[in-house]
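# I would like to see how this sequence folds:
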Amino acid sequence: MKTFINSILMLFCVATFSQEQKVEFKKVDANLIKATYYFADNNTVIEREGFFNKNEKLHGMWVSYDTQGNKIAIAYYNDGKKDGIWSYFNEGKVNLVTYDNNKIINVEEKIVAIN
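Numbering: from 1, shown residues only. Next up, the predicted model:
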């Protein structure tokens, strides 16, 4: 009984949280749908945006932002699998992670100099 009540409570919390985030979908063409997710506590600021293919899998470029609108990550998917060079931006550094079919091939860190 205790497990059942905990399960119901957890489902309620998840359902409540998921209802707060604003998401917009826009059909680009027969094969792509653009998705834009907004921060749950501020539904005017974009948290991440990217594309789903006709199989409803992540596809193409996805960009994530912080609450000030700065890019924090650029990622690439091919039919739901991580693919290509992912860039993570953090305090004057860029971490580059290269994926091929969901497997990490290479990791690099670069210093960004701003004049």
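# going forward, measure contacts between C-alpha atoms and count neighbours the same way
OK.
# where are the low-confidence patches of this protein?
The chain contains residues with pLDDT under 70 at 1-19, 114-115.
# show me where it has its helices.
2-20 (DSSP state H).
# kindly list the longest strand within it.
strand 42-53 (DSSP state E).
# and that one, which strands flank it?
strand 32-39 (antiparallel), strand 58-65 (antiparallel) (DSSP bridges).
# if you count neighbours, what's buried in that strand?
If you call a residue buried by 16 or more other Cα atoms under 10 Å, then strand 42-53 has these buried ones: 45-53.
# try stretch 69-85
For stretch 69-85, burial by neighbour count (16+ other Cα under 10 Å) applies to 71-85.
# do me a favour and get the end-to-end distance for it?
End-to-end span of stretch 69-85 (Cα to Cα, to the nearest Å): 22 Å.
# for that stretch, give me every contacting residue.
Stretch 69-85 is contacted by residues 45-47, 53, 55, 57-66, 86-90, 96-103 when judged by Cα atoms under 8 Å, 6 or more residues apart in numbering.
# buried subset of those residues as a ChimeraX selection?
Buried residues among the contacts of stretch 69-85 (16+ other Cα under 10 Å), as a ChimeraX selection:
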select :45,46,47,53,58,59,60,61,62,63,64,65,86,87,88,89,96,97,98,99
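# okay, and the beta partners of the closest residue to residue 49 other than its chain neighbours?
Using Cα to Cα, 6 or more residues apart in numbering and skipping residues adjacent in sequence, the residue nearest residue 49 is residue 36, 4.4 Å away. Taking DSSP bridges, one obtains residue 24, residue 49 as the residues bridged to residue 36.
# check contacts around residue 36.
By Cα under 8 Å, 6+ apart, the contact set of residue 36 is 23-25, 46-50.
# in the residues you listed, find the pair that's most separated.
Spatial extent of these (Cα to Cα) is set by the pair 25 and 47 at 14.1 Å.
# re earlier: and the contacts of the longest strand of the chain?
Contacts of strand 42-53 (Cα under 8 Å, 6+ apart): 21-22, 31-39, 58-69, 79.
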